[in-house]
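In: what follows is a predicted structure for the sequence shown.
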Amino acid sequence: MTNYWLFKSEPGCFSFDDLAQRPGQTEQWDGVRNFQARNFLRDQVQVGDGVLFYHSNIPEPHIAGTAWVVRAGYPDWTACDPASEHFDPKSSADNPIWYMVDVRYGEAFRRPVTLAELKAHPLLAGMVLLQRSRLSIQTVTPEEWTIILGLGGL
DNA sequence: GCCAACGTTGGC
DNA sequence: GCCAACGTTGGC
């Protein structure tokens, strides 16, 4: 069964445009260093799942478009790379702590769906984003997915 | 830049 | 296992 997710990224680090410039190519969603988000990546995110790509920590936070999961959770090797800014000395190849998935560009929204719009929509009041805003990998219901794609003009 | 929310660490 | 201190996230 297809599930839906919201992945957050700071566009200064990795943006939806960065993904859009490589259509059809596989991108690693690495660097997640939060246990609850890690559990989703390791245990629940599956090939074929839909992803809303959210831009955080900018003047007008918004969802920019969609992506698709093309590989389920596997160890995030950047945790074992001392040169990586996501290096974690507690993680090892034998006993990985952190996980990542691979995604591929989906579709760009015709207009970005801002956080303000999400907050204003009565049917989106239950979104995880609006209740536990700091979680970087979040579940999205099929109803929320449909509404948000509509708001984005898809 | 501020600050609230909240996750993590570490002493006990 | 509790909880205070501390660090980070992210909206504003």
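Out: Good, I have the coordinates.
In: residue A:26 versus the one residue in chain A that gets nearest to DNA strand B, what's the distance?
Out: DNA strand B sits closest to residue A:35 of chain A, with a gap of 4.1 Å, by Cβ to the nearest atom of the strand. Every C-beta, even on glycine, is put in place using the N, C-alpha and C of the backbone. Here the criterion is Cβ to Cβ, to the nearest Å. By it, residue A:35 lies 25 Å from residue A:26.
In: can you check residue A:141 too?
Out: The gap separating residue A:141 from residue A:26 is 27 Å, by Cβ to Cβ.
In: show me which of these two is the more surrounded one.
Out: Neighbour comparison, residue A:141 and residue A:26: the larger count goes to residue A:141, with 14 against 11 (by other Cβ atoms under 10 Å).
In: residues in contact with the nearest residue to that one once chain neighbours are set aside?
Out: Closest residue to residue A:141 apart from its sequence neighbours, by Cβ to Cβ, 6 or more residues apart in numbering: residue A:4 at 7.0 Å. Residue A:4 sits next to A:49-52, A:139-142, A:144-145 when contact means Cβ atoms under 8 Å, 6 or more residues apart in numbering.
In: TSV for the residues you listed, including secondary structure, distance to DNA strand B and pLDDT?
Out: Output for those, formatted as TSV (DSSP: H, G, I helix; E, B strand; the rest coil; distance: Cβ to the nearest atom of the strand, whole Å; pLDDT from 0 to 100):
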residue	secondary structure	distance to DNA strand B	pLDDT
A:49	coil	22	98
A:50	strand	24	98
A:51	strand	21	98
A:52	strand	20	98
A:139	strand	14	96
A:140	strand	18	97
A:141	coil	19	97
A:142	helix	24	97
A:144	helix	19	97
A:145	helix	23	98
